[in-house]
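**Student:** Let's see this in three dimensions:
(one chain, ligands or ions: 1)
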Amino acid sequence: MMRRLVALAVCAALLPVHAQGLPDLGDSSDAVLSDKQERTIGNRVMREVRIDPAFIDDPEISDYVKSLGNRLLGAAEAPRRPIEFFVVQDDAVNAFALIGGHIGLHTGLLLLTRNESELAGVVAHEISHILQRHQSRLYQGQGKYQLASLAALALAVLASRGSSSQSSQVTEAAIVGASAIMMQGQLDYTREHEREADRVGVSILERAGYDPRGMVSFFERMQRANRLNEFKSAPSYLRTHPLTVERIADMQSRVEAMAPKLVPDSFEYRLARAKIRAATGSSTEAIAYFRDQLADRTVLRPREDVYGLVIALRRARDFAAAEKELSTIRTGEGAGPAFEWLAAQLQADQGRTDSAVETYRAALKAHPRHRGLVYGLALLLLDAGRTAEAIAWLEERVRLSPDDAKLYELQSRAYTAAGNRLAQHRALAEAYYLRGNLAAAVDQLELATQVRGSDFYALSSAEARLRELRSRLEVEREAEKALKLS
Ligand SMILES: [Zn+2]
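**Tutor:** Residues are numbered from 1 along each chain as shown. As a prediction, the model looks like this:
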């Protein structure tokens, strides 16, 4: 997954063939690709990323990373650009910025950080690469021949995803080719890019209220671990972001000039890490890890470790033990929606549907915006065959969050169960649309308008939406064609 993403990202960055003057590194306004072109490439790549099984759509983890990223972005100097943050299930230590404003973090990176300021430091560094438009300049100095072959590689990777075995061999070849090119160091960020991302990153970090020393300590530790061969293989992060002794010394002197700051980790950071840890390796390993963490903590047991243990026990289907542990953290300071979500899931696991619905309803009163609770209740009602309730609940939520793709996906399931085929395809179309897949959205709307005996108003509304999305798809296809992406 990671290699494929890097291949896509790097190739996509190298596609333009129309540029005339090469930009000066110091001037971010004079970039090679226009904003719109970057977005077109970024959206194309993200369409592939979102359907990859390694893409994490857990609402707690993804909402946490989004809020961390947006807090940092809010501290950046203007002009800012919207950036989407996401997490990829991958043990390899890596973080990467895709062209068009997308930043991906591997779970392996999140686990390697020792505090939130370290994580924020890596994210601030990636944000800086995007704000300084480094990717669209990466092609500086590339000859036309290389550009053409890289464009071909990107196309091969994009075209052959997830189909026949023959085409997956093509994908493999493309990945190997792209990696080989990256190995030569041509496509990595340059030292100047790194210096700039460090400088901008540290100032973002400080202004956002994190400890700027976090950035230095994380990079230092990564370099040390790499020197001592502590990683299974050298993290590609170190290859794409060349880390030198000078870079670390530069960061250190910059940070030393700032007032030291002790910033406690947020509860959300601790919970997200525990959740990722609990899902890593086998359930037995995860249980052992958290039991070990809690072994000599009989009085003050960190809630995140108990939480991680409960998730690991649930993975092992030891529901009774999981509930017993969870009951120790559901009340008092620090109790919250994450624990209630887990409690409701455990009740549902054991067939106690009514209690689970009650737990969801009570928790949603206090935390109406928690997406885990919102989806959890819908899923439970669907699984229990309580279709009418599920439909009512989802309609209420769609009115509140009309941009939430997951809600439409659940809605489509509910309408399917109710036998309402027009509404089923219509809802799925909206889910695809919000995930940037216009072609699939149009397909669904075509199916919706073909359902016989439909309500007149529902049908004309679906037809109007179909016309609208068809014309958007046309515009998108033109833009992709111009960039040789389709
Ligand atoms: Zn970098």
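
**Student:** Tell me the secondary structure at the most centrally placed residue in the chain.
**Tutor:** Nearest to the geometric centre of the chain sits residue 86, at 1.4 Å (CA atoms, centre = their mean). When classified by DSSP: H, G, I helix; E, B strand; the rest coil, residue 86 comes out as strand.

**Student:** Go through the residues of the stretch 151-300 of the chain and report the one nearest to the ion.
**Tutor:** Of all residues in the stretch 151-300 of the chain, the one sitting closest to the ion is residue 241 (3.4 Å; CB to the ion). Every C-beta, even on glycine, is put in place using the N, C-alpha and C of the backbone.

**Student:** Surely that residue and residue 189 touch.
**Tutor:** Yes - contact criterion CB atoms under 8 Å: residue 241 and residue 189 qualify, at 5.7 Å.

**Student:** out of the two, which sits in the busier spot?
**Tutor:** Set side by side, residue 241 and residue 189 show more neighbours around residue 241, with 24 against 20, by other CB atoms under 10 Å.

**Student:** Show me where the stretch 301-450 of the chain dips below the pLDDT cut-off.
**Tutor:** Of all residues in the stretch 301-450 of the chain, none has pLDDT under 70.

**Student:** change it to 80
**Tutor:** Applying pLDDT under 80 to the stretch 301-450 of the chain picks out residues 334.

**Student:** Check it for the residue nearest the ion and tell me.
**Tutor:** Closest residue of the stretch 301-450 of the chain to the ion, CB to the ion: residue 436 (25.9 Å).

**Student:** OK, contacts around that residue?
**Tutor:** Residue 436 makes contacts with 43, 46-47, 50, as judged by CB atoms under 8 Å, 6 or more residues apart in numbering.

**Student:** Quick check: neighbours shared by residue 241 and residue 189?
**Tutor:** Among the neighbours of residue 241, those also in contact with residue 189 (CB under 8 Å, 6+ apart) are residue 197.

**Student:** and the residue of the stretch 151-300 of the chain closest to the ion, how far is that from residue 205?
**Tutor:** Relative to residue 205, residue 241 is positioned 16 Å away (CB to CB, to the nearest Å).

**Student:** Report the rounded mean pLDDT for stretch 222-230.
**Tutor:** Across stretch 222-230, pLDDT averages out at 82.

**Student:** that older thread, which of the contacts of residue 436 are buried? Put it as a ChimeraX command.
**Tutor:** Buried residues among the contacts of residue 436 (16 or more other CB atoms under 10 Å), as a ChimeraX selection:
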select :43,46,47
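
**Student:** Let's have the contacts of residue 436 in JSON lines, adding pLDDT.
**Tutor:** Output for the contacts of residue 436, formatted as JSON lines (pLDDT from 0 to 100):
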{"residue": "43", "pLDDT": "82"}
{"residue": "46", "pLDDT": "82"}
{"residue": "47", "pLDDT": "82"}
{"residue": "50", "pLDDT": "85"}
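
**Student:** what are the ranges of the helices in the stretch 151-300 of the chain?
**Tutor:** Assigned by DSSP state H, counting those that start in this stretch, the helices in the stretch 151-300 of the chain fall at 165-183, 191-207, 213-227, 236-240, 245-256, 267-278, 283-294.

**Student:** now for the second one, which elements pack on it?
**Tutor:** When contacts are defined as 3 or more CB pairs under 8 Å, 6 or more residues apart in numbering; DSSP states H and E, helix 191-207 sits against helix 116-131, helix 213-227, helix 245-256.

**Student:** so of those helices, which one's packed in deepest?
**Tutor:** Of all the helices and strands packed on helix 191-207, helix 116-131 carries the top mean neighbour count, a mean of 26, counting by mean count of other CB atoms under 10 Å.

**Student:** what helices or strands is it leaning on?
**Tutor:** Judged by 3+ CB pairs under 8 Å, 6+ apart, helix 116-131 is in contact with helix 59-74, strand 95-98, strand 102-106, helix 107-112, helix 191-207, helix 213-227.

**Student:** roughly how far out does that helix sit from the chain middle?
**Tutor:** 14 Å (CA atoms, centre = their mean, to the nearest Å).

**Student:** Next: stretch 461-472.
**Tutor:** 29 Å.

**Student:** CA atoms only: put it into CSV for me.
**Tutor:** Taking Å, rounded to 0.1, in the frame of the first residue of the first chain, the C-alpha atoms of stretch 461-472 are listed here in CSV:
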residue,chain,number,x,y,z
SER,A,461,-35.3,14.6,-8.5
ALA,A,462,-33.1,11.7,-9.3
GLU,A,463,-33.1,12.7,-13.0
ALA,A,464,-32.2,16.2,-12.2
ARG,A,465,-29.3,15.0,-10.0
LEU,A,466,-28.2,12.7,-12.8
ARG,A,467,-28.0,15.6,-15.3
GLU,A,468,-26.0,17.6,-12.9
LEU,A,469,-23.5,15.0,-12.0
ARG,A,470,-23.1,13.9,-15.7
SER,A,471,-22.0,17.4,-16.6
ARG,A,472,-19.6,17.6,-13.7
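
**Student:** circling back to that earlier point, ranking the helices and strands packed on helix 116-131 by mean pLDDT, which is last?
**Tutor:** For the helices and strands packed on helix 116-131, the bottom mean pLDDT is recorded on strand 95-98, which sits at a mean of 83.

**Student:** Name every strand pairing with that one and say which way it goes.
**Tutor:** Partner strands and pairing direction for strand 95-98 (DSSP bridges) are strand 102-106 (antiparallel).

**Student:** near the ion at all, the partner strand?
**Tutor:** No - Strand 102-106 stays clear of the ion (CB under 5 Å from the ion), getting no nearer than 11.5 Å.

**Student:** which residues sit against that strand?
**Tutor:** Residues outside strand 102-106 that contact it (CB under 8 Å, 6+ apart) are 2, 5, 42, 45-46, 49, 65, 69, 83-98, 122-123, 126-127, 130.

**Student:** what's the angle from that strand to strand 84-88?
**Tutor:** Strand 102-106 and strand 84-88 are oriented at 20 degrees to each other (axes from the mean of the first three to the mean of the last three CA atoms, to 10 degrees).

**Student:** Quick one: distance of strand 102-106 to the chain centre.
**Tutor:** Worked out by CA atoms, centre = their mean, strand 102-106 lies 6 Å from the chain centre.

**Student:** Pull it out as PDB, backbone CA atoms only.
**Tutor:** Output in PDB follows, covering the C-alpha atoms of strand 102-106 (Å, rounded to 0.1, in the frame of the first residue of the first chain):
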ATOM      1  CA  HIS A 102      -3.700  15.300   1.100                       C
ATOM      2  CA  ILE A 103      -1.500  14.100   4.000                       C
ATOM      3  CA  GLY A 104      -1.400  10.400   4.900                       C
ATOM      4  CA  LEU A 105       0.100   9.000   8.100                       C
ATOM      5  CA  HIS A 106       0.900   5.400   8.700                       C
END
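
**Student:** Now do that strand and helix 116-131, the angle between them.
**Tutor:** Going by the same axes, to 10 degrees, strand 102-106 makes 150 degrees with helix 116-131.

**Student:** and the lengthiest helix in the chain, average pLDDT?
**Tutor:** When the chain is parsed with DSSP state H, its longest helix is helix 456-482. For helix 456-482, mean pLDDT is 94.

**Student:** can you count the residues close to residue 334?
**Tutor:** The criterion is other CB under 10 Å. On that basis, residue 334 has 15 neighbouring residues.

**Student:** What parts of the protein come near the ion?
**Tutor:** Counting by CB under 5 Å from the ion, the chain sits next to the ion at 189, 194, 197, 241.
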